[in-house]
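Visitor: Here you go, sequence then predicted model.
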Amino acid sequence: MTPSSVRRLLGPVKFRPVKFGPAALAIVGASLVMSAAMGARQSFGLFLGPFSFDHGLPVTLIAFAIALHNLVWGVAQPFAGAAADRFGAAPVVAAGALLFAAGLGLAAIMPTGPMLVLGLGVLVGIGISGTSFGVVLSAVGRQAAPERRSMALGLASAGGSLGQVGLVPLVQWAADGSGTGAALLLLAGCALAVAPLGLLLDRRSGAGGPAAPTAAPMPLRAALAGALGHRGYRLLTLGFFTCGFQLAFIATHLPAYLATCQMPAALGATALAAIGLFNMAGSWACGWLGGRLRPQRVLGWLYLLRGIVIAAFFLGPKTEWTVLLFAAAMGLMWLGTVPLTNGLIARVFGVRHLGTLFGIVFLSHQVGSFLGAWMGGWVFDATGSYAAIWIATAVAGLVAALLHFPIDDRAVPEPTGLPVAGRAVL
């Protein structure tokens, strides 16, 4: 068959350039920003031993500094989300990246107890509130069409895991070759590099995006009152505490725990990188499931499975293979809770105040993160073992599952005077 006969058979073929819409650009921007932010904080556990050995700092103090950034992040997140809701994501991301880099730089140059608390605890905590879920995923949720929102959130979360996959081994290499200071400065440079990418999150959708409001949106105070009075929102807030507790404990103390089991030092970094690698698939899968199943059911099973995996790892034998299997299993369930939780809030309350409402739920997550990271160090210093905190982490998964299954995901009706057509706006 000649080329001319093929053309006659197929008819005229028109080649059109591929266009990347605002939602696709927002996913790319969110992935890159979260890669830097989440990859950096995921590596903090690698500094626990070096700061203690090289600078004579107690493990409890270092764990407190790392834990404090989780608490500060949680307190700052509703305010960062509200600022992004009002002014757009770009200025919030830029300010957050600058503060993040300043905190890392301070810890690198002045690695004393007070400076670690100020740098890794306070500045990093405020900075990451502007460069993580509450701001960037909420921007993606606003750009994506409602029927594709869960998948878009899952894709952005999966892309955000690239930093964990790439940065953790890179930080371990830099710390081994040039010291912890150089590794922290490397992370600071990555934070500065993503500062302008918030511009990709504020591109407005056209006709295919969320419907524009036809009347004045619900005031923030009324939206907050409605959410706090909703039983499902309160259950979601309580359940998200467990996610932070589990993840912060594992990310901060897994390398040190493996050292107590006489495992190779590099295995901790490998395990954290494996968590990030498998989190890419897990976040995408959770976003996909959230668009097809009731998200609170997916969340309930996710927490239950987490608890089972954690208990099996703690009680089972410790070999390199079991560590990597544990990392892979946890990675599949690592941050998949975030697009599901964000999407569930958008389903029930709309997207107008999504950054603020998710920020409040995320505050509970970060209280759990603070306790998971700090109590891990406190329990170890007090008992010489991580056993009690591993057991608590496993049991928390069962409690979170019981909290999520009864959540009602029906959309809250619009109050009188607001348009039904503008369902995406509160």
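Guide: Yes, it's here.

Visitor: Now do residue 243, the pLDDT please.
Guide: With respect to pLDDT, residue 243 scores 92.

Visitor: Grab the nearest non-local neighbour of it.
Guide: Distances taken as Cβ to Cβ, 6 or more residues apart in numbering place residue 337 nearest to residue 243, at 4.9 Å, with adjacent residues excluded. C-beta coordinates here come from the backbone N, C-alpha and C atoms, glycine included.

Visitor: Likewise for residue 28?
Guide: What sits nearest to residue 28 in space, not counting adjacent residues and going by Cβ to Cβ, 6+ apart, is residue 200, at 6.4 Å.

Visitor: got the contact list for the one you found?
Guide: Residues counted as contacts of residue 200 (Cβ atoms under 8 Å, 6 or more residues apart in numbering) are 25-26, 28-29.

Visitor: any low-confidence regions in the stretch 151-300 of the chain?
Guide: 203-218 (pLDDT under 70).

Visitor: what's the neighbour count on the nearest residue to residue 167 once chain neighbours are set aside?
Guide: Of all residues beyond its chain neighbours, the one nearest residue 167 is residue 39 (3.5 Å), with distances taken as Cβ to Cβ, 6+ apart. The burial metric for residue 39, expressed as a neighbour count using other Cβ atoms under 10 Å, is 26.

Visitor: in what helix or strand does residue 39 lie?
Guide: Under DSSP states H and E, the secondary-structure element containing residue 39 is helix 22-42.

Visitor: for residue 372, same thing?
Guide: When the helices and strands are read off by DSSP H and E, the one containing residue 372 is helix 354-383.

Visitor: just to revisit the earlier point, following the chain onward from the helix holding residue 39, which element is next?
Guide: Using DSSP H and E, the helix or strand that follows helix 22-42 in sequence is helix 48-55.

Visitor: re earlier: next, the angle helix 354-383 makes with the helix holding residue 39.
Guide: Using axes from the mean of the first three to the mean of the last three Cα atoms, to 10 degrees, the inter-axis angle of helix 22-42 relative to helix 354-383 is 20 degrees.

Visitor: From the chain's centroid, how far away is the host helix or strand of residue 191?
Guide: For residue 191, the enclosing helix or strand under DSSP H and E is helix 180-193. When distances are taken as Cα atoms, centre = their mean, to the nearest Å, helix 180-193 is centred 20 Å away from the chain's centroid.

Visitor: now swap in stretch 391-399 and tell me
Guide: Per Cα atoms, centre = their mean, the displacement of stretch 391-399 from the mean C-alpha position of its chain is 20 Å.

Visitor: now do stretch 25-43
Guide: The mean C-alpha position of stretch 25-43 is separated from the chain mean by 9 Å, Cα atoms, centre = their mean.

Visitor: ok, now stretch 28-46?
Guide: Taking the mean C-alpha point of stretch 28-46 and that of its whole chain, the gap between them comes to 9 Å (Cα atoms, centre = their mean).

Visitor: and if you look at stretch 330-343?
Guide: Using Cα atoms, centre = their mean, the distance from the centre of stretch 330-343 to the centre of the chain it belongs to is 8 Å.

Visitor: mean confidence for it?
Guide: Along stretch 330-343, the predicted confidence averages to a pLDDT of 88.

Visitor: And stretch 384-401, what's buried?
Guide: Using 16 or more other Cβ atoms under 10 Å as the burial criterion, the residues of stretch 384-401 that qualify are 386, 389-390, 392-394, 396-398, 400-401.

Visitor: Of those residues, just say which sits nearest to residue 111.
Guide: If you rank the buried residues of stretch 384-401 by distance to residue 111 using Cβ to Cβ, residue 386 comes first, at 24.7 Å.

Visitor: Now the phi/psi pair for the closest one, please.
Guide: Backbone torsions of residue 386, given as degrees, to the nearest 10, read phi -100, psi 10.

Visitor: was I right about it contacting residue 254?
Guide: No: the pair formed by residue 386 and residue 254 falls short of the contact definition of Cβ atoms under 8 Å, at 9.5 Å.

Visitor: ok, back up a step: after the helix holding residue 372, heading C-terminal, what element do we hit next?
Guide: Secondary structure here is assigned by DSSP H and E; on that basis, the next helix or strand after helix 354-383 toward the C-terminus is helix 387-404.
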